[in-house]
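Fold the stuff below for me.
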Amino acid sequence: MSAANNSRLPHVGLGSILSLLWLLPIAGLGYLLYYLMLPTLAFGFSGAYFILLLCGVLTALISAKMHRVMLGVFGGIFMVVGIFGTVIMPIPTTWAIFHADEYHQLLGEFEPSTFSEDISPVDPSQIRIVDEEVAKRVGDKLLGSDPALGSRARIGEFRIQQVRGELFWVAPIEHDGFGKWWNHDSTPGYVMVSATNDRDVEYITQVDGQAINIRYQPSAYFGDNLKRHLRFNGYASTGITDFTFEIDDEGNPFWVVTVYEKTVGYSGGEATGVLVVNPETGEFLEYEIDQAPAWIDRIQPENIVRDQINDWGSYGKGWLNSWWGKTGVLKATKGTSLVYGDDGNSYWYTGISSSGSDDSTVGFMLVNTRTKEVHWYQQTGATETAAQGSAEGEVQEKGYDASFPVLYNVVGIPTYVMALKDDAGLIKSIAMVSVEDFSVVGVGTTLQDALRAYRSRLASRGNALSPDSVVEGFTITDTVARFASDVTGGQTYYYITLESVSDKMFITSSTVSPEVPITQVGDTVLISFSDGGSGVIDLDSFDNVGVQLTVTDDQLAVEARFDRAVQSQETARDLQSAEQKFEELSEEDRLRVLELLETERE
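Next comes the predicted model:
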């Protein structure tokens, strides 16, 4: 080989070898990035590849500046591996064009369900009206009442959960910034706000005489950061997500963390287990899903469930159809909420709409937050956003804002229940809106009033809204066996049992009848109600047979005019709803309806 050719070869000398010492600070930078970002070190997770790519770019830049070949080789290797892991590998392993069927099947196999058979009618006393926003406002007010605590701590994220059969919003007390964390090794206790009564709020600082100290938190720093604590204690290569603060039935606090894996390349998250972490000591145990403690409400993360629902709806007829044609393509509506069944299980709820539809749904889904069991209800209706607008329209002169709706079975009808709040965030009214027809709305200052108004609107429609409803109407005369009252949220409710209906408890208020408060055990009463299988039933009407109240003819005339005005208003609303639904029909369906009407006239 000639000297000329030798001069073209890259020179590798002592300087090039010494330049490799630059790899030490670059490795230090990589470790710092890992310490801060805490990515999962496993195939299917791109965070580590991204760090490697950044280190490769930096190494290449230093190599070019110093003209050191060997350093450049390492930089090139880092960049190739980083690009391979973040850009190239996801294409064949993850893109839906190659894996549409796998994405479609992530949600599992399930059949359409019947709502009235799966979900029993709700107990009115357990309807959730306090949303996260109200719970946070109440919690912040409580925290502010203690200046010493309020100056160094804040309330963490509220999560809804069931504790001893009742629903509560629960949130930990967390450090309010780095300086507060530096000066205090832990925070004291947590806050509980009833989901049915915003006046029922507690600050819990000890359980069974033992002080509650929360050291490990998602918002803490260095080794006290919950995710970092788990990463450096055996979970560096395992997917962990959804850091939820939950308490057991005795009030002991824990962090519940979902363990998951990627099943379709870099996507297709699937929960495989759960970690239960002691927030004071950092000790933790991992459970498989079917072995998790019964008090844990959520194992399936909301984002994973929503992704799987959307994949199921998008790729049923292949990838191409999801982009072109979109025949039968379905999607989850914008909102998701956590609801509870009468079986004590919690479910992720979301409406399901067709592609391009924003105000109507073709059904809705309930997905068990522990097992991921799916209940799919093919029932057309309104989206949560449309229901909110309908509820706000009922009180538009007051300018109230509706909270995000929660789904319930009210007298056998799928029903959105939401709070109506003023500008200050205070709950002023309760609204119930039919999922099937959002023009059917009941609004009241209390749950009982809203339920009564809602049932009145339903009664005006007959049983047209829910032909599968298992709710039956009854009118009976019986003797009062037990009678008691209770004040909830400033409203007095009366609880009644009858001698011949010993397995039911009836609930009512003085707004139903002024005779209710003066009723006693042994009185004969005439009541009417709708029974869908619930043990606690709200009364439609109440008459104490032994109390005779005189009503003047003038009062009867006023009541008759009022009833006619109400009926006229409801008829106008029904007509507006019918016109709106007619406009939504296709041209072919409109012609069919007109032909049917013409036939009936003949």
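
Who are the packing partners of whichever strand or helix holds A419?
Following DSSP states H and E, the helix or strand that holds A419 is strand 413-421. Applying 3 or more CB pairs under 8 Å, 6 or more residues apart in numbering; DSSP states H and E, we find strand 413-421 packed against helix 132-144, helix 384-394, strand 401-402, strand 406-410, strand 427-434. (C-beta placed from N, C-alpha, C; glycine too.)

cutoff 6 Å now
Applying 3 or more CB pairs under 6 Å, 6 or more residues apart in numbering; DSSP states H and E, we find strand 413-421 packed against strand 401-402, strand 406-410, strand 427-434.

Give the residue spans of the stretch 101-250 of the chain that score low on pLDDT.
Across the stretch 101-250 of the chain, the ranges flagged by pLDDT under 70 are 120-125.

just so I have it, where are all the strands in it?
If you assign secondary structure with DSSP state E, counting those that start in this stretch, the strands in the stretch 101-250 of the chain sit at 153-155, 159-163, 166-175, 187-188, 190-194, 201-204, 206-207, 210-211, 213-214, 239-247.

could those go into CSV alongside distance to G47 and mean neighbour count?
Formatted as CSV, the entries for those read as follows, by distance: least, CB to CB, whole Å; neighbours: other CB atoms under 10 Å:
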stretch, distance to G47, mean neighbour count
strand 153-155, 28, 21
strand 159-163, 26, 20
strand 166-175, 25, 23
strand 187-188, 29, 21
strand 190-194, 31, 24
strand 201-204, 36, 16
strand 206-207, 37, 14
strand 210-211, 37, 10
strand 213-214, 27, 21
strand 239-247, 11, 19
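
I'd like those as CSV, with distance to V81 appended.
Written out in CSV, the entries for these read as follows (distance: least, CB to CB, whole Å):
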stretch, distance to V81
strand 153-155, 41
strand 159-163, 39
strand 166-175, 38
strand 187-188, 42
strand 190-194, 44
strand 201-204, 49
strand 206-207, 50
strand 210-211, 49
strand 213-214, 40
strand 239-247, 21
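
just to revisit the earlier point, wait, which of the helices and strands packed on strand 413-421 is closest to A332?
Shortest distance between A332 and the helices and strands packed on strand 413-421, using CB to CB, is found for strand 406-410: 13.7 Å.

partners of the closest one, with directions?
Here strand 406-410 has these sheet partners by DSSP bridges: strand 413-421 (antiparallel).

just the angle between the strand it pairs with and helix 384-394, please?
Note on geometry: by axes from the mean of the first three to the mean of the last three CA atoms, to 10 degrees, strand 413-421 and helix 384-394 are set 60 degrees apart in direction.

buried stuff in strand 413-421?
For strand 413-421, a neighbour-count test (16 or more other CB atoms under 10 Å) marks 413-421 as buried.

now stretch 132-144
132, 134-139, 142-143.

what does stretch 492-500 give?
For stretch 492-500, the neighbour count (16+ other CB under 10 Å) marks 493-494, 496-498 as buried.

Name the strands paired with the lengthiest strand in the chain and say parallel or antiparallel.
With DSSP state E setting the assignment, residue counts place strand 472-488 as the longest strand in the chain. The sheet places strand 472-488 alongside strand 491-498 (antiparallel), strand 524-531 (antiparallel), with pairing taken from DSSP bridges.

For the last one, give me every contacting residue.
Applying CB atoms under 6 Å, 6 or more residues apart in numbering, the contact partners of strand 524-531 are 411, 471-475, 477, 479, 537, 539-545.

I'd like the distance from that strand to the chain centre, please.
Strand 524-531 sits 36 Å away from the centroid of its parent chain (CA atoms, centre = their mean, to the nearest Å).

Could you do stretch 102-115 as well?
Per CA atoms, centre = their mean, the displacement of stretch 102-115 from the mean C-alpha position of its chain is 19 Å.

Which residues does it contact?
Contacts for stretch 102-115 (CB under 6 Å, 6+ apart): 96, 264, 268, 308, 311-312, 315-316, 374-378, 414.

filter those residues to the buried ones?
96, 264, 268, 308, 311-312, 315-316, 374-377, 414.

Show me which of the residues you listed has the smallest pLDDT value.
Lowest model confidence among these falls on P414, which carries 88.

State the distance from that one to H375.
12 Å (CB to CB, to the nearest Å).

Also D486?
For D486, the distance to H375 (CB to CB) stands at 33 Å.

Contacts only, for A271.
258, 260, 299-300.

Partner strands of the host helix or strand of it and their direction?
Assigned by DSSP H and E, A271 falls within strand 267-277. Each strand pairing with strand 267-277, determined using DSSP bridges, is listed with its direction: strand 253-264 (antiparallel), strand 284-288 (antiparallel).

Report the angle between it and strand 239-247.
The directions of strand 267-277 and strand 239-247 differ by 40 degrees, with the same axes, to 10 degrees as the criterion.

Restricted to buried residues, select the contacts of strand 524-531 in PyMOL.
One line in PyMOL is enough to select the buried members of these, burial here meaning 16+ other CB under 10 Å:
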select buried, resi 411+471+537+539+540+542+543+544
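
who wins for proximity to S346 among the strands of the stretch 101-250 of the chain?
Short answer: strand 159-163, nearest of the strands of the stretch 101-250 of the chain by CB to CB, at 6.9 Å.

So which elements touch that closest one?
When contacts are defined as 3+ CB pairs under 6 Å, 6+ apart, strand 159-163 packs onto no helix or strand at all.

Format the CA atom coordinates belonging to that strand as PDB.
Listed in PDB are the C-alpha atoms of strand 159-163, where the atom choice follows Å, rounded to 0.1, in the frame of the first residue of the first chain:
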ATOM      1  CA  ARG A 159     -59.900  10.100  43.700                       C
ATOM      2  CA  ILE A 160     -63.400   8.700  44.200                       C
ATOM      3  CA  GLN A 161     -63.600   5.400  46.100                       C
ATOM      4  CA  GLN A 162     -65.900   3.300  48.100                       C
ATOM      5  CA  VAL A 163     -65.200   3.000  51.800                       C
END
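
For that strand, give me every contacting residue.
Contacts of strand 159-163 from elsewhere in the structure, counted by CB under 6 Å, 6+ apart, are 169-170, 244, 246, 297, 338, 340.

switch to 7 Å and redo it
Residues from elsewhere that reach strand 159-163, judged by CB atoms under 7 Å, 6 or more residues apart in numbering: 167-170, 195, 244-247, 249, 297, 338, 340, 344, 346.

G425: which of these is nearest?
Comparing every one of these with G425 (CB to CB), the shortest separation belongs to W169, at 14.3 Å.

Leaving out sequence neighbours, find the closest residue to the closest one.
Computed as CB to CB, 6 or more residues apart in numbering, the closest residue to W169 that is not its neighbour in sequence is A135, at 3.7 Å.

if I pick the one you found, what's in contact with it?
Counting by CB under 7 Å, 6+ apart, A135 makes contact with 158, 169, 193.

neighbours around the first one, how many?
Counted by other CB atoms under 10 Å, the residues lying close to F158 total 25.

Help me confirm that it comes into contact with D131.
No - with the criterion set as CB atoms under 7 Å, F158 and D131 do not qualify as a contacting pair; they are 9.4 Å apart.

any idea how far the spatially closest residue to G381 that is not a sequence neighbour lies from E111?
The shortest distance from G381 to any residue that is not its chain neighbour, by CB to CB, 6+ apart, is 4.0 Å, and that residue is V435. Summarising the geometry, the distance separating V435 from E111, computed by CB to CB, is 20 Å.

again with R199
Spatial separation of R199 from E111 under the definition CB to CB is 43 Å.

Name the residue in those two with the higher neighbour count.
For R199 and E111, the more surrounded residue by other CB under 10 Å is R199, and the numbers stand at 11 against 7.

Tally up the residues packed near D198, please.
There are 20 residues near D198, going by other CB under 10 Å.

Show the backbone phi and psi for it.
Recorded main-chain torsions at D198 are phi -70, psi -10, according to degrees, to the nearest 10.

give me every residue that touches the nearest residue to it once chain neighbours are set aside.
Counting by CB to CB, 6+ apart, the nearest residue to D198 once its immediate chain neighbours are dropped is V130, at 4.9 Å. Taking CB under 7 Å, 6+ apart as the contact definition, V130 lies against 169, 193-196, 198.
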